[in-house]
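Participant: sharing a sequence plus its predicted fold:
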Amino acid sequence: MSASDHLIPVVVSNVVEVNPIIKRFEFKHVNGDELPAFSGGAHIVVEMLDDGTKRKNPYSLMSSPFERDQYSISVRRDDTGRGGSKFMHEQVQPGMQMKISAPVNLFALDLRARKHLMIAGGIGITPFIAQMAQADKLGVPFELHYAARSVSQAAYMDSLADRFGDHVSCYCDDQGESVDLEMLLSNQPLGTHVYVCGPKGMIERVVETATSLGWPAAHVHFEHFLAPPVGEPFDVHLAKAGIDITVGAEQSLLEAVEASGTPINCMCRGGACGQCETVVVACEGEIMHNDHWLDEEQRAAKQRIMPCVSRFRGKRLELDL
Amino acid sequence: MTIQFKDESFRGDFTYANSPSNIPRFPFPFPEDEYMYSTNIEPHHAARAGSPFENAFDVDEHYVAEMKDRALVLADDPGRCQALPHMETAGWDFLELVMVSKARDYPDLFKLTMDGDRWHWINKPLQIDDTFTFGDSSTLPCHPMEYIGRQVQGDHAILDQRDGNLWMDAGIITAQADWSLDFDIGMNFFEWHAPVPLAHELGVFQRALKFLLTLPQGQPSRRLNWTLTVNPRLDTSPENYPKWGPDRMTVTPENIGEKVHLRVELQTFWRLPRSNAILFPIRTYLMAMNEVVTQPKWARRIHRVMRDLRPELVEYKGLSRYHPILVEWLSQFDDGAPTSPGIFPD
């Protein structure tokens, strides 16, 4: 049983080129039904049938949680990635039928917050667009600080400024602007929760600054699901199934297991939710643990692996699947 | 199918009883002759027509009487219904889930008409006909959780999800097996389960929490839990212990068949869409031992389960006082024949 077993058939209702590297995709239910309600910060998994390869990538929903006739996501093109974003940019056209998962939220607003402070980097803006619509409707104060490389790459900044006015601020690298985290995090009212979604370095800076200023850990939230990284191909033995499989360079271990027809649980496909945690029966080599789920001790023990994002290099890897 | 709702009581003269046709649909909780804790969670799919697993929220002949009993408890003790301030969205999620499910599954009893956010709800068995604005609590007579909680059998806890844990931040709890929302409100998953023996050592709660934290929308799960209750009393709360605790002294070999009830909780788990909280319905079914033993398979099996129950569980479930005479009484229905697997009667 996994979230991706219950896919929703949708039709691509619109594709919009937001800027040279970002496209927005809008989906409607093929029957015109309402799509499931969701909460800001939720993502869906989009299934891509790319010339014989089945890819499933998670993308944050950016449409308003209060609109159920369509969903929107934004995809940043990454030519060095596994090909999912390239497929979305090059192959997906309006009218095409696709399948998506029901929404899953691993980056929800803490509804106890007296104020939501949101910090976005680049394409990390998308979950916040839905969250701002939610906070706005609930009448809870919020503030967005959005860092981008340039004005032209600051996707959606204009429309957000129109909708939310002073609640949003943009900082462009090419203008020499940056968020003064120390200042920002020092001047928040009691009961504020901070949320960050963006490049790894940005998340680390926000968490470190907040921690050093004495923010309670429970008030600091970060979206840390990630795209499965590419790597060298490797072989794996699935002990219960009694088969050997090969994980391709641009394929995740999870995708290779699924392609073999072997059952495996999964949900976020980004190393965050813990559903696909798998027992390692034998390991002669090195596991590249790319997840956010296992702790240091578990990683060192080499007895568990998260197949959605982690890879292997070495002589032999045997899994309890 | 039209349901004949019974006029009956869960207190005082205890007129509650199951109709003969209602007995075989009881969610008997023992799939095997031996009982031990497990994280016995399965998908809450529609299963077996006529069983309590057929619909999302089972409605049976006790519906109207149970809702009257709930109203009595709440009038006496408003603390049985509490929601922390951040749980209003979750209350609306709960209301929507119940209304949509019941209108779909029991169209002759419930009707929901949605015109944008303007909703019209008809509950025929309880003679309710209301129009309100979805999401606007000022258009309801009370908190959305209380409004719908008074119209759905079973207790309902709503668990907020944050910091990798679940928090008991709202609930309407009037038919509980000796736990208190007023005491547990605001606690996390490990805190409110702290009193349960054995299960912690088995890692049951770690596994259950991990499962619940990733519970997907649209894919509810269920499990059965059980205990025994003397008299068909729904409200066996700690707050009212003086009213029901002494009942255990009244059990004799002569009255045990009618006094002692198998109390089964059909627990389901639902991811709520707008709040990202988890709805945890705890639906209680009561059946007198006299009724249980009308099904030969159940009679044999319940004798074996009770006879071999671990002492810690006898103590935790509060059965110590009458456990030996119950096992003795049940033994007359057990001829030692094998039983078929699964919970349904033969």
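Facilitator: Nice, I can see it. Residues are numbered from 1 along each chain as shown, chains lettered A, B, ... in the order given.

Participant: could you use CA atoms for every contact and neighbour count after this?
Facilitator: Fine.

Participant: ramachandran angles for A:Met118?
Facilitator: Torsion angles at A:Met118 (phi, psi; degrees, to the nearest 10) stand at phi -110, psi 130.

Participant: need the contact list for it.
Facilitator: Shown here is A:Met118, whose contacts under the criterion C-alpha atoms under 8 Å, 6 or more residues apart in numbering or on different chains are A:Phe128, A:Phe142, A:Glu143, A:Leu144, A:His145, A:Val194, A:Tyr195, A:Val196.

Participant: how about 6 Å then?
Facilitator: A:Glu143, A:Leu144, A:Val194, A:Tyr195 (C-alpha atoms under 6 Å, 6 or more residues apart in numbering or on different chains).

Participant: now B:Ile23
Facilitator: Applying C-alpha under 6 Å, 6+ apart, we find B:Ile23 in contact with no residue.

Participant: distance of it from chain A?
Facilitator: 32 Å (C-alpha to the nearest C-alpha, to the nearest Å).

Participant: mind checking the SS state of that residue?
Facilitator: Reducing the assignment to helix, strand or coil with DSSP: H, G, I helix; E, B strand; the rest coil, the entry for B:Ile23 is helix.

Participant: for B:Glu184, which non-adjacent residue is spatially closest?
Facilitator: Slight slip there: residue B:184 is Asp, not Glu. The shortest distance from B:Asp184 to any residue that is not its chain neighbour, by C-alpha to C-alpha, 6 or more residues apart in numbering or on different chains, is 6.0 Å, and that residue is B:Trp192.

Participant: which residues of the stretch 1-150 of chain A lie near chain B?
Facilitator: A:Ala37, A:Phe38, A:Ser39, A:Leu111, A:Arg112 (C-alpha under 6 Å from any C-alpha of the partner chain).

Participant: now do the strands in the stretch 51-200 of chain B.
Facilitator: With strands called from DSSP state E, counting those that start in this stretch, the stretch 51-200 of chain B shows them at B:81-83, B:110-115, B:118-123, B:128-133, B:155-162, B:165-172.

Participant: redo those strands as TSV? Include mean pLDDT.
Facilitator: Putting the strands of the stretch 51-200 of chain B into TSV (pLDDT from 0 to 100) gives the following:
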stretch	mean pLDDT
strand B:81-83	98
strand B:110-115	97
strand B:118-123	98
strand B:128-133	98
strand B:155-162	97
strand B:165-172	98
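
Participant: closest to chain A out of those strands?
Facilitator: Ranking these by distance to chain A, with C-alpha to the nearest C-alpha as the measure, places strand B:155-162 first at 7.0 Å.

Participant: burial of the residue nearest to B:Asp184, as a residue count?
Facilitator: Here the number of neighbours of B:Trp192 (other C-alpha atoms under 10 Å in any protein chain shown) works out to 18.

Participant: gap between it and chain A?
Facilitator: Looking at B:Trp192 against chain A, where the rule is C-alpha to the nearest C-alpha, the gap reads 20 Å.

Participant: then B:Gly154?
Facilitator: If you measure B:Gly154 against chain A using C-alpha to the nearest C-alpha, the figure is 25 Å.

Participant: how about B:Phe10?
Facilitator: Here B:Phe10 is placed at a distance of 38 Å from chain A (C-alpha to the nearest C-alpha).

Participant: buried sites along the helix or strand containing A:Arg205?
Facilitator: Element membership of A:Arg205, judged by DSSP states H and E, is helix A:200-212. For helix A:200-212, the buried set under the neighbour-count rule, 16 or more other C-alpha atoms under 10 Å in any protein chain shown, comprises A:Met202, A:Ile203, A:Val206, A:Val207, A:Thr209, A:Ala210.

Participant: could you do stretch A:140-159 as well?
Facilitator: Of the residues in stretch A:140-159, those buried under the neighbour-count criterion (16+ other C-alpha under 10 Å) are A:142-151, A:153-155, A:157.

Participant: measure that stretch end to end?
Facilitator: Stretch A:140-159 has an end-to-end distance of 20 Å (C-alpha to C-alpha, to the nearest Å).

Participant: same thing with stretch A:128-147?
Facilitator: 13 Å.

Participant: ok, now stretch A:78-97?
Facilitator: Across its full length, stretch A:78-97 reaches 23 Å between end residues, using C-alpha to C-alpha.

Participant: checking B:Trp270 next. Helix, strand or coil?
Facilitator: Under three-state DSSP, B:Trp270 falls in the strand class.

Participant: the strands in the stretch 101-250 of chain A, which residues?
Facilitator: Remark: strands of the stretch 101-250 of chain A, listed N- to C-terminal, are A:104-105, A:115-121, A:142-148, A:168-172, A:192-197, A:220-222, A:234-238, A:243-247; assignment by DSSP E, counting those that start in this stretch.

Participant: tell me which of the ones you listed sits most buried.
Facilitator: When you average the neighbours per residue for each of the strands of the stretch 101-250 of chain A (mean count of other C-alpha atoms under 10 Å in any protein chain shown), strand A:104-105 leads with a mean of 27.

Participant: check which helices and strands that one sits against.
Facilitator: Packing partners of strand A:104-105 (3 or more C-alpha pairs under 6 Å, 6 or more residues apart in numbering or on different chains; DSSP states H and E): strand A:42-50.

Participant: which intervals of chain A have sub-threshold pLDDT?
Facilitator: For chain A, the stretches with pLDDT under 70 are A:1-5, A:224-226.

Participant: can you list the domain ranges for it.
Facilitator: Under automatic domain parsing, the residue ranges defining each domain of chain A are A:3-105, A:115-222, A:234-319.

Participant: leaving out chain neighbours, which residue sits closest to A:Leu185?
Facilitator: Across the structure, with C-alpha to C-alpha, 6+ apart as the measure, the residue nearest A:Leu185 apart from its sequence neighbours is A:Ala210 (6.5 Å).

Participant: same check on A:Phe107?
Facilitator: If the residues on either side of it in the chain are set aside, A:Phe107 comes closest to A:Gly41, at 5.0 Å by C-alpha to C-alpha, 6+ apart.

Participant: check contacts around that neighbour.
Facilitator: Taking C-alpha under 6 Å, 6+ apart as the definition of contact, the neighbours of A:Gly41 are A:Asn105, A:Phe107, A:Ala108, A:Pro127.

Participant: check A:Glu17 too.
Facilitator: Taking C-alpha under 6 Å, 6+ apart as the criterion, A:Glu17 is in contact with A:Lys23.

Participant: show me what it is bridged to.
Facilitator: Counting by DSSP bridges, A:Glu17 is bridged to A:Lys23.

Participant: which strands and helices sit next to the helix or strand encompassing B:Gln206?
Facilitator: Using DSSP H and E, the secondary-structure element containing B:Gln206 is helix B:204-213. Contact analysis of helix B:204-213 by 3+ C-alpha pairs under 6 Å, 6+ apart lists no helix or strand as a packing neighbour.

Participant: let me see the mean pLDDT of that helix.
Facilitator: Rounded to a whole number, the mean pLDDT of helix B:204-213 is 84.

Participant: after it, which helix or strand is next?
Facilitator: Heading C-terminal from helix B:204-213, the first helix or strand you meet, by DSSP H and E, is strand B:221-230.
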